[in-house]
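[1] Kindly generate the corresponding structure for this input.
(one chain, ligands or ions: 1)
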Amino acid sequence: MTAFRLAVVQLQVSSDKANNLSKVRRLVKEAAGQGSKVVLLPECFNSPYGTSFFSKYAEKIPGESTQMLSEVAKENKLHLVGGSIPEEDSGKLYNTCAVFGPEGELILKHRKIHLFDIDVPGKIRFQESETLSPGNSLSTFDTPFCRVGVGICYDMRFAELAQLYNRKGCQLLVYPGAFNMMTGPAHWELLQRARALDNQMYVATASPARDEAASYVAWGHSTVYLADIRQQIPISSQRRDDLYAVTAMQQGSG
Ligand SMILES: O=C(O)CCC(=O)C(=O)O
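    Model prediction:
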């Protein structure tokens, strides 16, 4: 891994898509001006977060929002991890992160694998699966600096995914996310530290900024965590591969 500057953009997302897109343009340019080579945007950066919004804001890829991401990555010569947008494909909706390289090329699409379906009585009920379909693929990409593993928000709760990315040689995990005022204080930081500690990897998250007036109030707190003690505590070479393994099943499309 070689040193580079990563920016996490904690964007105030509104219901005005054009305004969200122009903010992204401005903020990525600002990050590039400060020397950032990889920029991470929040989950659902072009639309308010909520099952009632996904179909209205959904786009094909390529489409308006990802076209903008491609241009911005190229103009600023950086890797742009495009948070996520509601994606429409063949009549289904996905929560999708598109990653672009410095030539504006689409490197990958990660469709959120684990949909956020929770029901905490009296506190929060959220069922992404009422409108979204899950992705079925793991997603890694290479930069000149390191290999990166991509998950979206609730994907961060699943330790196996991070372990697999680690085994695939990733040194950085990125999770665009939008935790909320209940699970955010309880778990947001803890999960990032857990993934970083278990795997001795960098972990970066980008959240929409908190908007108390939104129907879903994001916790915010975009973060970068670092566990840089691979040499001193060499768990990767001490792992007992003869006793256990984390394996991925065959991946489907999506
Ligand atoms: O896991 C959580 O508590 C929040 C997850 C979430 O907000 C999401 O997946 O969008």
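
[2] Spell out which parts of this protein neighbour the ligand.
    43, 116, 153, 154, 157, 178, 179, 180, 183, 187 (CB under 6 Å from any ligand atom). Using the backbone N, CA and C atoms, a C-beta is placed for each residue, glycine as well.

[3] so what strands line up beside the biggest strand by length in the chain?
    Secondary structure of the chain read by DSSP state E shows that its longest strand is strand 92-100. If you go by DSSP bridges, strand 92-100 pairs up with strand 79-81 (antiparallel), strand 85-89 (antiparallel), strand 106-111 (antiparallel).

[4] now those strands as JSON lines including mean neighbour count and mean pLDDT?
    Output for these, formatted as JSON lines (neighbours: other CB atoms under 10 Å; pLDDT from 0 to 100):
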{"stretch": "strand 79-81", "mean neighbour count": "28", "mean pLDDT": "98"}
{"stretch": "strand 85-89", "mean neighbour count": "22", "mean pLDDT": "98"}
{"stretch": "strand 106-111", "mean neighbour count": "20", "mean pLDDT": "98"}
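
[5] where exactly do the helices run in the stretch 101-250 of the chain?
    Along the stretch 101-250 of the chain, the stretches classed as helices by DSSP state H, counting those that start in this stretch are 159-167, 183, 189-199, 235-238.

[6] Now for the spatially closest residue to residue 247 that is not a sequence neighbour: which residues touch it?
    Using CB to CB, 6 or more residues apart in numbering and skipping residues adjacent in sequence, the residue nearest residue 247 is residue 164, 8.0 Å away. Contact analysis of residue 164 by CB atoms under 8 Å, 6 or more residues apart in numbering lists 138, 246, 247, 248.

[7] ok so, going back, among the helices of the stretch 101-250 of the chain, which is nearest residue 9?
    helix 189-199 (16.8 Å; CB to CB).

[8] circling back to that earlier point, mean pLDDT and distance to residue 8 added to the helices of the stretch 101-250 of the chain, as JSON lines?
    As requested, the helices of the stretch 101-250 of the chain are exported to JSON lines (pLDDT from 0 to 100; distance: least, CB to CB, whole Å):
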{"stretch": "helix 159-167", "mean pLDDT": "96", "distance to residue 8": "18"}
{"stretch": "helix 183", "mean pLDDT": "94", "distance to residue 8": "19"}
{"stretch": "helix 189-199", "mean pLDDT": "96", "distance to residue 8": "12"}
{"stretch": "helix 235-238", "mean pLDDT": "86", "distance to residue 8": "26"}
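
[9] Throw those helices into CSV and include distance to residue 110, thanks.
    Listed next are the helices of the stretch 101-250 of the chain as CSV, based on distance: least, CB to CB, whole Å:
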stretch, distance to residue 110
helix 159-167, 11
helix 183, 21
helix 189-199, 16
helix 235-238, 24
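
[10] Quick check: the residue nearest to residue 247 vs residue 170, distance?
    Distance, residue 164 to residue 170, using CB to CB, to the nearest Å: 9 Å.

[11] Cool, thanks, signing off.
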